[in-house]
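A.B. asks: let me see the structure of the following:
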Amino acid sequence: MRLLFVHDNRFEHGADGHIYTSGTFPSALWERYLRHFDEVCVLARNGRNKGAAGAEIRADRARVFFQFAPNIGSLWGAAFNWRTSRARVRAAVAQANAVVARLPSELGFLAAAEAERQGKPLAVELAGCAWDAAINHGSPILKLYAPIFFHRTCRAAARAPLVVYVTSEFLQNRYPSSHHQISCSDVEIVPLSAEDRGRRGRRLERLARGGLPQLGTIASLSPFYKGLHLAIEAIAQLRAEGLHYPYAILGPGNPEPWRALARSAGVEDLVRFDGTREPGAPVRGWLDDIDLHLQPSLAEGLPRATIEAMSRGVACIGSDVGGIPELLPRAQLHPSGDSRSLAETIRRLATAPDLVASAAWSGVEQARLFWPEMLERCHDEAYGRLRAMAEARSGGCGR
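C.D. replies: Numbering: from 1, shown residues only. Presented below is the predicted three-dimensional model:
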């Protein structure tokens, strides 16, 4: 049986013949679908993500195939590429036994509508808030588009026979479905080992002896709504108070606009950009050198970066948007868009090593909810159900 997975992410052909991405779809991710389907066809966009410094993450693997459609995520792209994209989505849906449309995304909207038209089993994966993302993107055009974006997401969630939400409550309340719903994050973490706990304990002891905390954020540099400008403003406010906290950012994208912002704020020497790391051990190693992880987002579903940081014993601070309050206690939250409140929250934790330690170890316990065996059950429920729907439609032949 063939599953079609559709999203607006960009994938790039490497010189070695493999497929790479600077986004969040590494090759290991497809295993959750391949446990239930014989092959996965990924329909997405071709090329490098806007502003990406490089497409370094391997995305292809056995039994996973890629097809591409032109960009329809802009006025220009919609005007000139919509018919071509619709035709490619239509053909790909026709060749599939079931469809996963990851939303919000323009190709995902087309795939959801086409699956309904062709009567193909459909699962909508709702990974973020369309309204918040469009309103806070930074583009005046997208701000005008926000009501339409919101309505399309609501409609797709309401009509899909199966919706997989990454949050426990937030997205369910904003984009309700009267059909089958499953709550399941798409993060991939590993339990903290005894060696890892010892390493984190030593970092916490260093802070208790007066060591300077290392701040960090994992985020793409492209979307304005990740709130990196708020973090840089907060670092500048703390410097004005005599607190010189270094801040590292890990993620794809062009760092030059952010360097310019840090320079204008007088903190260029405190802010560094570490590019990208392969998923897994390289990212975990980066997090092991961070004491406080900042998630000052203006829009979120359930941020994987925060969960990954919690799983490594990093004390986390986040804004009060999306599913972040489902992860962090009130004392570690700040009002969205408020850099002064973010600075105050950082100061309160960073100057109290006991609070950092408490947040670190409680985060490790909270992250247990996202251990692989826990999420595997959710994924198996979701895509096992989708497989059963596909088998029922094909008469139970399984092909």
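
A.B. asks: residue ranges for the strands of the stretch 1-150 of the chain, please.
C.D. replies: Along the stretch 1-150 of the chain, the stretches classed as strands by DSSP state E, counting those that start in this stretch are 2-13, 19-21, 39-46, 57-58, 64-68, 98-103, 122-126.

A.B. asks: how much space between residue 267 and residue 222?
C.D. replies: With distances taken as CB to CB, to the nearest Å, residue 267 is found 21 Å from residue 222. For glycine as for every other residue, the C-beta is placed from the backbone atoms N, C-alpha and C.

A.B. asks: over to residue 336?
C.D. replies: Separation of residue 336 from residue 222 (CB to CB) stands at 19 Å.

A.B. asks: so between the two, which is more surrounded?
C.D. replies: When residue 336 and residue 222 are compared on other CB atoms under 10 Å, the one with more neighbours turns out to be residue 336, at 23 against 18.

A.B. asks: assess the claim that the more buried one and residue 300 are in contact.
C.D. replies: No. Counting by CB atoms under 8 Å, residue 336 sits too far from residue 300 to count as a contact (9.3 Å).

A.B. asks: now for the two: what residues contact both?
C.D. replies: 319, 321 (CB atoms under 8 Å, 6 or more residues apart in numbering).

A.B. asks: ok so, going back, hey, least reliable of the strands of the stretch 1-150 of the chain by pLDDT?
C.D. replies: Least confident of the strands of the stretch 1-150 of the chain, judged by mean pLDDT, is strand 57-58 with a mean of 88.

A.B. asks: other SSEs contacting that one?
C.D. replies: Packing contacts for strand 57-58, counted by 3 or more CB pairs under 8 Å, 6 or more residues apart in numbering; DSSP states H and E, involve strand 19-21.

A.B. asks: pull the distance from the strand it packs on to the chain's centre.
C.D. replies: The chain centroid and the centroid of strand 19-21 are separated by 17 Å under CA atoms, centre = their mean, to the nearest Å.

A.B. asks: paired strands for it, with orientation please.
C.D. replies: Here strand 19-21 is paired, per DSSP bridges, with strand 2-13 (antiparallel), strand 57-58 (antiparallel).

A.B. asks: wait, which of those is closest to residue 149?
C.D. replies: In this view, those are compared for proximity to residue 149 by CB to CB, and strand 2-13 is the closest at 12.3 Å.

A.B. asks: buried residues of the closest one, list them for me.
C.D. replies: Residues of strand 2-13 classed as buried: 2-12 (neighbour count, 16 or more other CB atoms under 10 Å).

A.B. asks: same question, stretch 342-352
C.D. replies: Residues of stretch 342-352 classed as buried under the neighbour-count rule (16+ other CB under 10 Å) are 342-343, 345-347, 349-350.

A.B. asks: circling back to that earlier point, residue 75: which of the buried residues of strand 2-13 is nearest?
C.D. replies: Set against residue 75, the nearest of the buried residues of strand 2-13 by CB to CB is residue 8 (15.3 Å).

A.B. asks: show me what contacts that closest one?
C.D. replies: Counting by CB under 8 Å, 6+ apart, residue 8 makes contact with 44-45, 73, 105-108.

A.B. asks: kindly write the ChimeraX command that selects the buried subset of the residues you listed.
C.D. replies: Only the buried entries of the contacts of residue 8 go into this ChimeraX selection, using 16+ other CB under 10 Å:
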select :44,45,73,105,106,107,108
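
A.B. asks: average model confidence for stretch 320-338?
C.D. replies: 97.

A.B. asks: try stretch 367-375
C.D. replies: Stretch 367-375 comes out at a mean pLDDT of 93.

A.B. asks: what's the answer for stretch 213-224, then?
C.D. replies: Taken as a whole, stretch 213-224 has a mean pLDDT of 92.

A.B. asks: excluding chain neighbours, give the residue nearest to residue 6 in space.
C.D. replies: residue 111 (3.8 Å; CB to CB, 6 or more residues apart in numbering).
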